[in-house]
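Q: Model the following, please.
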Amino acid sequence: MKDAHIDFNKIMEAVNGSIEAVKDEQNLSSVALDQLKAAQQDIQHALSFSLSRTN
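A: You can find the predicted model right below:
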(Lines give C-alpha, C1' and ligand atoms only; values in the text may rest on other atoms or scores of the structure.)
Protein backbone atom coordinates (compact mmCIF):
# COMPACT_ATOMS: atom_id res chain seq x y z
CA MET A 1 0.00 0.00 0.00
CA LYS A 2 1.69 3.10 -1.21
CA ASP A 3 0.95 6.53 0.30
CA ALA A 4 -1.94 5.26 2.43
CA HIS A 5 -3.66 7.71 4.74
CA ILE A 6 -6.27 6.72 7.29
CA ASP A 7 -8.34 9.42 8.97
CA PHE A 8 -8.96 7.86 12.38
CA ASN A 9 -10.90 10.91 13.54
CA LYS A 10 -13.48 10.55 10.77
CA ILE A 11 -13.80 6.84 11.40
CA MET A 12 -14.27 7.43 15.14
CA GLU A 13 -16.85 10.16 14.49
CA ALA A 14 -18.81 7.75 12.30
CA VAL A 15 -18.71 5.00 14.92
CA ASN A 16 -19.69 7.43 17.68
CA GLY A 17 -22.61 8.67 15.56
CA SER A 18 -23.70 5.10 14.98
CA ILE A 19 -23.54 4.36 18.70
CA GLU A 20 -25.77 7.33 19.43
CA ALA A 21 -28.23 6.24 16.73
CA VAL A 22 -28.35 2.72 18.13
CA LYS A 23 -28.93 4.05 21.64
CA ASP A 24 -31.88 6.07 20.33
CA GLU A 25 -33.43 2.99 18.70
CA GLN A 26 -35.25 0.99 21.32
CA ASN A 27 -36.06 -2.02 19.14
CA LEU A 28 -32.44 -2.91 18.43
CA SER A 29 -30.68 -5.56 20.42
CA SER A 30 -27.70 -4.85 22.58
CA VAL A 31 -25.61 -6.92 20.14
CA ALA A 32 -25.39 -3.99 17.71
CA LEU A 33 -24.28 -1.66 20.49
CA ASP A 34 -21.72 -4.17 21.72
CA GLN A 35 -20.31 -4.57 18.21
CA LEU A 36 -20.00 -0.81 17.78
CA LYS A 37 -18.25 -0.46 21.13
CA ALA A 38 -15.84 -3.22 20.10
CA ALA A 39 -15.21 -1.39 16.83
CA GLN A 40 -14.52 1.77 18.82
CA GLN A 41 -11.87 -0.07 20.84
CA ASP A 42 -10.37 -1.57 17.68
CA ILE A 43 -10.05 1.90 16.16
CA GLN A 44 -8.31 3.19 19.28
CA HIS A 45 -5.88 0.24 19.18
CA ALA A 46 -5.20 0.77 15.48
CA LEU A 47 -4.52 4.45 16.09
CA SER A 48 -2.15 3.66 18.94
CA PHE A 49 -0.35 1.09 16.80
CA SER A 50 -0.14 3.52 13.89
CA LEU A 51 1.32 6.24 16.09
CA SER A 52 3.84 3.85 17.62
CA ARG A 53 5.05 2.82 14.15
CA THR A 54 5.70 6.41 13.08
CA ASN A 55 7.96 7.17 16.06
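Q: Spatially central residue for the protein, please.
A: When CA atoms, centre = their mean is applied to the chain, the residue found nearest the centroid is Gln40 (3.5 Å).
Q: measure the residue lying closest to Ile11 once chain neighbours are set aside to Lys37 for me?
A: In space, not counting the residues next to it along the chain, Ile11 is nearest to Ile43; the distance is 5.6 Å by CB to CB, 6 or more residues apart in numbering. (C-beta placed from N, C-alpha, C; glycine too.) Spatial separation of Ile43 from Lys37 under the definition CB to CB, to the nearest Å is 11 Å.
Q: Neighbour count for the two, which is higher?
A: More neighbours surround Ile43 than the other of Ile43 and Lys37, with 18 against 14 (other CB atoms under 10 Å).
Q: SS state for His5?
A: Secondary structure for His5, judged by DSSP: H, G, I helix; E, B strand; the rest coil, is coil.
Q: I'd like the next helix or strand past whichever helix or strand Glu20 is part of.
A: Under the criterion DSSP states H and E, the helix or strand holding Glu20 is helix 8-24. From helix 8-24 onward toward the C-terminus, using DSSP H and E, the following helix or strand is helix 30-54.
Q: State the mean pLDDT of that next one.
A: Confidence for helix 30-54, expressed as mean pLDDT, is 87.
Q: That one: which residues count as buried?
A: Using 16 or more other CB atoms under 10 Å as the burial criterion, the residues of helix 30-54 that qualify are 36, 39-40, 43.
Q: try stretch 15-30
A: By 16+ other CB under 10 Å, the buried positions in stretch 15-30 come out as 15, 18-19, 22.
Q: In JSON lines: these, plus distance to Asn9.
A: Written out in JSON lines, the entries for the buried residues of stretch 15-30 read as follows (distance: CB to CB, whole Å):
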{"residue": "Val15", "distance to Asn9": "11"}
{"residue": "Ser18", "distance to Asn9": "15"}
{"residue": "Ile19", "distance to Asn9": "15"}
{"residue": "Val22", "distance to Asn9": "20"}
